[in-house]
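Engineer: Sequence plus the predicted model coming up.
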Amino acid sequence: MAQSSAAPPKERYIPNGLKFAFGGLAGMAATCVVQPLDLIKTRMQLSGSGKSSFTVAGEIVAKEGFFSLYAGLSAGLLRQATYTTTRLGVYSWLFDAYRERNAGANPGFGTKTMLGVAAGSIGAFVGTPAEVALIRMTADGRLPQEQRRNYKNVADALIRIVREEGVLKLWRGATPTVGRAMVVNAAQLSTYSQAREALAGRVPDGVALHFCASMVSGLVTTIASMPVDIIKTRIQNAAKGQSQLSVVTSLLRNEGVLSLWKGFLPYYARLGPHTVLTFIFLEQMNTAYFKYT
């Protein structure tokens, strides 16, 4: 009797719950490294001056102390726990769902872009409250003492915003936040996947490949998303009662169109390494899962 050929092994997938958890943990780990760059970027976006990122960093350390560079870290971690967990988890889930329906074929660049847009918009809406707290906490040190909000941590920030301004203020600037996330994720997730495929075979697989693909992704994302990010930052830090339209028109009228790319260096210095570290941590967690389960 002829021996029947063995069926090919079924491709293994990471459970959806772990995809979300791995995405959030990777983003939180990366934030612990790049939080000072995020703070410098926010200060430059809110400033009307043309100071360099090095000047701004020096002034922060001189006036507020070295550890002030980590102001708002709790909000940054919560943002990653909500926004990044959701966007990377949703993207991975949609990516795998596409492959299952198309006999294991990877989606094309256009499809990856649409998956990134969908994942980013959902994640941004979920993460907007933490984003509002983060912007305010990182911006607080530039204000005169009597105007500072002096939030103790992200929980205190969220509670006080609800109590003093109403629960809907937690989603202040949600529209540009979602818009920014759509741009960021359309560029970041799709270009990372595309760059990784293009560099495979040219760059050694592993951390080196993840690093190169992430740096390409980070550069494209920075150029595309900075204008929306600056508008979002100005709106979320605006004084109570100031309309979103007046914030945008004042920015363009007083500082010009090129101000939409103000703080390019710290933005890329933050986004590039954050992208690199997030994807490296994520890839290592995925590898560990397949290795030990």
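Structural biologist: Right, received. Where do you want to start?
Engineer: Need the contact partners of stretch 265-275.
Structural biologist: With contacts defined as Cβ atoms under 8 Å, 6 or more residues apart in numbering, stretch 265-275 is touched by 27, 30-31, 33-34, 37-38, 40-41, 44, 52-53, 56, 188, 192, 214-215, 217-219, 221-222, 226, 229. (Each C-beta comes from the backbone N, C-alpha and C, glycine too.)
Engineer: Number of residues surrounding A119?
Structural biologist: 26 (other Cβ atoms under 10 Å).
Engineer: i'd like the first residue to be 91 from this point on
Structural biologist: From this message on, residue numbering opens at 91, which makes the last subject A209.
Engineer: can you pull the buried residues of the strand or helix carrying it?
Structural biologist: Under the criterion of DSSP states H and E, A209 resides in helix 199-229. By 16 or more other Cβ atoms under 10 Å, the buried positions in helix 199-229 come out as 202-203, 205-229.
Engineer: same check, this time on stretch 174-189
Structural biologist: Buried-residue list, stretch 174-189, by 16+ other Cβ under 10 Å: 174-185, 188.
Engineer: Out of these, which one has the weakest pLDDT?
Structural biologist: Among these, L178 carries the weakest pLDDT, at 78.
Engineer: Quick one: name whatever helix or strand follows the helix holding A209.
Structural biologist: Following helix 199-229 in sequence, per DSSP H and E, is helix 244-255.
Engineer: Would it be right to say that T176 lies in a helix?
Structural biologist: Yes. Assignment of T176 by DSSP: H, G, I helix; E, B strand; the rest coil places it within a helix.
Engineer: contacting residues for it?
Structural biologist: T176 touches 110, 113, 209, 212-213, 216-217, counting by Cβ under 8 Å, 6+ apart.
Engineer: could you dump stretch 251-267 to PDB, C-alpha only?
Structural biologist: What follows is stretch 251-267, C-alpha atoms only, in PDB (Å, rounded to 0.1, in the frame of the first residue of the first chain):
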ATOM      1  CA  ILE A 251      -9.500  67.900  32.100                       C
ATOM      2  CA  VAL A 252     -12.800  66.100  32.600                       C
ATOM      3  CA  ARG A 253     -13.600  68.100  35.800                       C
ATOM      4  CA  GLU A 254     -12.500  71.500  34.600                       C
ATOM      5  CA  GLU A 255     -13.300  71.400  30.900                       C
ATOM      6  CA  GLY A 256     -15.700  68.500  30.300                       C
ATOM      7  CA  VAL A 257     -15.200  65.000  29.000                       C
ATOM      8  CA  LEU A 258     -15.400  65.900  25.400                       C
ATOM      9  CA  LYS A 259     -12.200  68.000  25.800                       C
ATOM     10  CA  LEU A 260     -10.400  64.700  26.000                       C
ATOM     11  CA  TRP A 261     -11.000  64.400  22.300                       C
ATOM     12  CA  ARG A 262      -9.900  68.000  21.600                       C
ATOM     13  CA  GLY A 263      -8.100  68.000  18.200                       C
ATOM     14  CA  ALA A 264      -9.400  64.500  17.400                       C
ATOM     15  CA  THR A 265     -10.000  65.400  13.800                       C
ATOM     16  CA  PRO A 266      -6.400  66.500  13.100                       C
ATOM     17  CA  THR A 267      -5.100  63.700  15.300                       C
END
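Engineer: if I look at the closest residue to A245 other than its chain neighbours, how far off is N240?
Structural biologist: Taking Cβ to Cβ, 6 or more residues apart in numbering as the measure, A245 lies nearest to S164, with 7.7 Å between them; neighbours along the chain are not counted. Look at S164 and N240: by Cβ to Cβ, to the nearest Å, they are 14 Å apart.
Engineer: The two: who's more crowded?
Structural biologist: Here S164 and N240 are set side by side on neighbour count (other Cβ under 10 Å), and the busier one is S164, at 20 against 11.
Engineer: so the more buried one sits right up against Y241, yeah?
Structural biologist: No. Between S164 and Y241 there is no contact under Cβ atoms under 8 Å: 9.3 Å.
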